[in-house]
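1. Provided below are the primary sequence and the corresponding predicted coordinates.
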Amino acid sequence: QVQLQESGPGLVKPSQTLSLTCTVSGDSITTGFYYWSWIRQPPGKGLEWLGHISVSAATYYSPDLKDRTSVSRNVSKNQFTLQLNSVTPEDTAVYYCARRRYGTYEYDAWGQGTQVTVSS
């Protein structure tokens, strides 16, 4: 059974870089037919897809955030990472990592989510 777990700081100052790591167990991020994704939910708003990395390490980003977003991976640790640059209070949200199968729009595994607040 695949499990995902987000980790990272809960508080980031404006203009700094938000960095989160998703540790995956029960599956390999380099095999299969999956996208390993980052999604967030700002307070009072819906889910927003940020970007993902494929098993072949191809990356894809939301057009709205692509200039500030980077997703990378550490194969030896079976982890993938989100970096969001130049954050503002509008980036305050619960951040999730999740797995999506190729050819679908459904996420079949989620981390529990981690609250990130952008504030000075």
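-> Sure thing, it's come through.
2. show the average pLDDT along stretch 35-46.
-> What stretch 35-46 shows for mean pLDDT is 98.
3. repeat for stretch 11-21
-> Rounded mean pLDDT across stretch 11-21 is 98.
4. list the buried residues for that stretch?
-> 12, 18-21 (16 or more other CB atoms under 10 Å). For glycine as for every other residue, the C-beta is placed from the backbone atoms N, C-alpha and C.
5. same check on stretch 76-94?
-> 78-82, 84, 87, 91-94.
6. between those residues, which sits nearest Gly51?
-> Leu82 (7.4 Å; CB to CB).
7. which strand or helix spans that closest one?
-> strand 79-84 (DSSP states H and E).
8. centroid-nearest residue for the chain?
-> Trp38 (2.4 Å; CA atoms, centre = their mean).
9. would it be right to say that it lies in a helix?
-> No: secondary structure of Trp38 (DSSP: H, G, I helix; E, B strand; the rest coil): strand, not part of a helix.
10. which residues touch it?
-> By CB atoms under 8 Å, 6 or more residues apart in numbering, Trp38 lies in contact with 20, 22, 49-52, 71, 82, 95-98.
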